[in-house]
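A.B. asks: The following comprises the amino acid sequence and a computationally predicted model.
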Amino acid sequence: MDVYDSVVIGAGQAGLSASYHLERLGIRHVVLDAGPRPGGAWQHRWDSLTMRDVHGVADLPDGPAPGRSADRANRAVPAWFGRYEAEHDLPVRRPVRVRTVTGDGGLLRIDSDAGAWLARTLVNATGTWDRPFVPHYPGVETFRGEQVHTHDYPGPDHFRGKRVLVVGGGASAVQFLGEIGPITDTLWVTRREPVWRDEFDENAGREAVARVLDRVTSGFPPASVVSVTGLALRPQEETAARLGVYDRRRTMFSRVEPDGVRWDDDVRDPARPAFEPVDTILWATGFRPAVTHLAPLHLRSEHGGIPLLPGTADVQTAVTAARDPRVQLVGYGPSASTIGGNRGGRAAALAVRRHLTDRLVRLDR
């Protein structure tokens with residue numbers, strides 16, 4: 001079987017950045033992408049999300065991002081990714097869904113539904129989209145209404161005439177409420193008190209990423225983005241704010257019943273009803289890193305996360321798995337953003353080169 005210097009899993013922003021830099025360094029590699037076409041997770045975003053709505057998409061190296069416009073993000077970004085792959089002749093193969101990565105002697109074996117690959121190093125850029133998280137509440141299986149996760153959000157018109165419970169305290173929850181609140185009845189609950197911010201400058205951004213780095217270098221799972229950045233209302237959400245849409249229930253419900261959710265007396269706000277009837281539960285409860293295929297490598301710590309080595313340049317260049325330096329994780333922890341994915345992609349390519357160089361030095365001794 002042919003042996004590659006590196007295999008990249010995932011062709012989203014982080015994977016494309018890593019492939020670009022591997023190409024520039026002359027490192028023979030292949031990119032395995034599960035999707036049938038370019039676009040990463042962007043191709044699955046809801047139709048109402050436009051390029052004006054997204055929080056910002058960083059440029060790829062030698063590839064300017066689409067600007068702010070009324071274009072649908074789930075079309076504009078995938079088209080850009082597709083052009084980028086073609087213009088830079090990146091070695092992307094799809095659809096290839098990776099099942100497991102194992103150690104095969106001194107090499108890594110990547111098994112998929114389309115065959116197997118051997119590689120000296122691995123860049124994992126699988127993101128989170130394939131692992132939507134829904135918390136379990138007693139009685140949830142008895143609910144007679146509709147349950148929808150961010151992963152399958154159908155757009156605001158779907159919810160007209162329904163009473164919608166939005167669960168979650170992240171940016172998606174705020175955006176959904178901003179879309180749904182003006183056209184139907186909504187109720188918002190979050191586990192944590194939302195932290196609102198007016199501005200988020202570069203210094204605040206560095207602080208936020210540093211806090212994420214502290215967690216992952218200690219072996220804890222990455223925290224949600226808004227837990228370190230806070231939430232902001234954009235102009236399109238101001239109408240919803242004036243309608244009181246963001247006036248949330250301050251405690252989580254205790255259980256789900258066939259026609260709604262209920263709070264026990266010891267946790268509910270006495271000024272609010274113990275039971276709230278709802279037609280739909282919209283779980284804006286986030287995602288978990290899609291890294292189960294790496295389980296055979298035993299990269300996780302006792303805290304449940306994959307610890308990373310500190311970066312060599314800045315916090316967003318922390319990409320190397322502490323327990324196996326052959327493995328780089330891009331889009332995980334401090335590099336889990338479009339800007340971080342770009343920086344992490346370059347850092348991963350440089351780490352791959354260092355590992356390959358060190359390997360040659362060891363073989364020459």
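C.D. replies: The structure has been received and is ready for your questions.

A.B. asks: Could you verify my assumption that residue 20 touches residue 62?
C.D. replies: Yes. The criterion here is C-beta atoms under 8 Å, and residue 20 meets it with residue 62 at 7.2 Å. C-beta coordinates here come from the backbone N, C-alpha and C atoms, glycine included.

A.B. asks: Looking at the two, which is more packed in?
C.D. replies: residue 20 (22 against 10; other C-beta atoms under 10 Å).

A.B. asks: CA atoms only for the helix or strand hosting that one - export them in CSV, please.
C.D. replies: Secondary structure assignment for residue 20, by DSSP states H and E: helix 13-24. Extracted in CSV, the C-alpha atoms of helix 13-24 (Å, rounded to 0.1, in the frame of the first residue of the first chain):
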residue,chain,number,x,y,z
GLN,A,13,-11.8,26.0,5.9
ALA,A,14,-9.2,24.4,8.2
GLY,A,15,-8.6,21.4,6.0
LEU,A,16,-8.1,23.5,2.9
SER,A,17,-5.7,25.8,4.7
ALA,A,18,-3.7,22.8,5.9
SER,A,19,-3.6,21.3,2.3
TYR,A,20,-2.5,24.7,0.8
HIS,A,21,0.4,24.9,3.2
LEU,A,22,1.4,21.2,2.8
GLU,A,23,1.4,21.8,-1.0
ARG,A,24,3.7,24.8,-0.6
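
A.B. asks: Spit out the residues that contact residue 20 and residue 62 alike.
C.D. replies: Taking C-beta atoms under 8 Å, 6 or more residues apart in numbering as the criterion, residue 20 and residue 62 both touch residue 88.

A.B. asks: and the most centrally placed residue in the chain, what does it touch?
C.D. replies: Closest to where the C-alpha atoms of the chain average out (C-alpha atoms, centre = their mean) is residue 128, at 4.0 Å. Shown in contact with residue 128 (C-beta under 8 Å, 6+ apart): 41, 286-290, 336.

A.B. asks: Let's see that with 10 Å instead.
C.D. replies: Contact analysis of residue 128 by C-beta atoms under 10 Å, 6 or more residues apart in numbering lists 41, 151, 222, 286-291, 331-332, 336.

A.B. asks: Low-confidence bits of the stretch 151-300 of the chain, can you list those?
C.D. replies: By pLDDT under 70, the weakly predicted segments of the stretch 151-300 of the chain are 195-213, 223-236.

A.B. asks: Strands of that one, residue ranges please.
C.D. replies: Counting by DSSP state E, counting those that start in this stretch, the stretch 151-300 of the chain has these strands, from start to end: 163-167, 185-189, 255-257, 260-262, 275-277, 280-283.

A.B. asks: Nothing else from me, thank you.
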